[in-house]
Structures are given as structure tokens and as C-alpha cells.
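> Predicted model follows, preceded by the sequence.
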Amino acid sequence: MRILLLCSAFNGLTQRSWLALRREGHEVSVELAVSEQAMVEAAELAKPDLVICPFLKERVPAALWQGHRTVIIHPGPPGDRGPSSLDWAIVDAEPEWGVTALQAVEEMDAGPIWGYRMFAMPAEPPRKSALYNGPVADAAVELVVEVAGKAADASFVPVPLDYRSPEVWGRLRRAMRHADREFSWSEPSEDIVRRVRAADG
């Protein structure tokens, strides 16, 4: 298939996704999301069968997702929404976390689910960069390959996001603010370490 990787930066995860898809025999192009116009024009030029966003901070323009199947790789379990997923996972000492592939729709992180991967969180509070470049990236690359395989199957239909499902246990969380990272030296040392490491990177 012709696949367009749309990203905020050609970071390690995007590079790994590019390599994995090429190994699967796909024709892969990459476009940096510098503006809505650039994203739309990239899709018009590439004429992709599928658009995958392994690392995207910007909103996908409606003109793009309405015209092309566009899948977002989100660093949170099914139902998790918001820009500070890993920060909250570390601060809240979540025992398990995940990565979800979901289709782009008007509402951020609320589209139908193409697949997900779960992993155990380290007992020791992880640095956010280590979490992202380790278990999150590993799960994300697996999902990218899975999404490409499902996109080639004409009978595949992604599952609508349904918070009544036992598999959907994430929730919408606001962006973590400076005040959320503040602490007192009288607090337990693990709580302090978690706030510091959640801000890593």
C-alpha cells in the first residue's frame, strides 16, 4: 500500500515505523505537520491508501481525515484522551498502561479503535523519555504494522469508542499544568520522584 506518515517530528518512533512498514513491502512517505495546509497538500500529492500518525501533536484537518483513512497512534490505553497521557500515568502510579490506534475524527482521541497494546508499568517511577522510547515505542511500532495489515482487509471495521466496554478503561484527562508538577519537600519521596520524572523531556 501507499502509506503517508504524518508527524510533528521525524523522531525515533516515526523512524522505526517507517522502517517497519518498508520491511512489510509498503511504499512509505513522510510529511512534517508544519501547518494544516501542508498536511492536506501532502495527502493530495502522495495519494495514500492510508495515513498513519505515529507522533502528532497537531489536530488532523477535517479535509484530510474526511478524504483519507487516518489513524492516530495515541500513547494511552483505550478510552484515554488528552495531551499529557504519559505524565498522568507516571504521577498516578498506574500499574498498567497502553498504546491505542484510533481513527481521526472531529473530536480529539475519540475515534473508532483499530487496535491496542497493553504493558506493565515499571515498579520504579520511570522517566517519561525512557517510558516513551521503550515500552510505548515498542507497542506503537507493533500497532503501526497491525493497522497497515487491517487496512488491506476490505472487511475490517474499527470498533467505536464505547466507555461501557470493559476493555475501555481510560478517560479524558486535561493537559498537565505547572501547578500539577509542584510538590512540597515534606511529601513522600516517591511522590516527588514521580512528579520530577513525569516532567522529563
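Here it is on my side, so go on.

> Walking through this protein, point out its helices one by one.
12-23, 36-46, 62-65, 85-91, 128-131, 137-151, 178-181, 189-198 (DSSP state H).

> Show me what counts as buried in stretch 57-74.
Buried residues in stretch 57-74, counting neighbours by 16 or more other Cβ atoms under 10 Å, are found at 60-61, 64-65, 68-74. C-beta here means a position set from N, CA and C on the backbone, and glycine is covered the same way.

> If it's not too much trouble, I'd like these exported to CSV so that distance to Glu24 and pLDDT sit alongside each entry.
Shown next, in CSV, are these (distance: Cβ to Cβ, whole Å; pLDDT from 0 to 100):
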residue, distance to Glu24, pLDDT
Val60, 23, 94
Pro61, 27, 94
Leu64, 23, 95
Trp65, 23, 96
His68, 19, 96
Arg69, 17, 96
Thr70, 19, 97
Val71, 15, 98
Ile72, 20, 98
Ile73, 16, 98
His74, 22, 97
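
> Provide a list of residues in contact with the nearest residue to Gly134 once chain neighbours are set aside.
Leaving aside its sequence neighbours, Gly134 sits nearest to Pro126 (Cβ to Cβ, 6 or more residues apart in numbering; 8.0 Å). Applying Cβ atoms under 8 Å, 6 or more residues apart in numbering, we find Pro126 in contact with 90, 134, 197.

> among these, who's most crowded?
Ile90 (25 neighbours; other Cβ atoms under 10 Å).

> quick one: the residue lying closest to that one once chain neighbours are set aside and Asp191, what's the gap?
In space, and not counting its chain neighbours, Ile90 is closest to Ala198: 4.0 Å by Cβ to Cβ, 6+ apart. Taking Cβ to Cβ, to the nearest Å as the measure, Ala198 falls 11 Å from Asp191.
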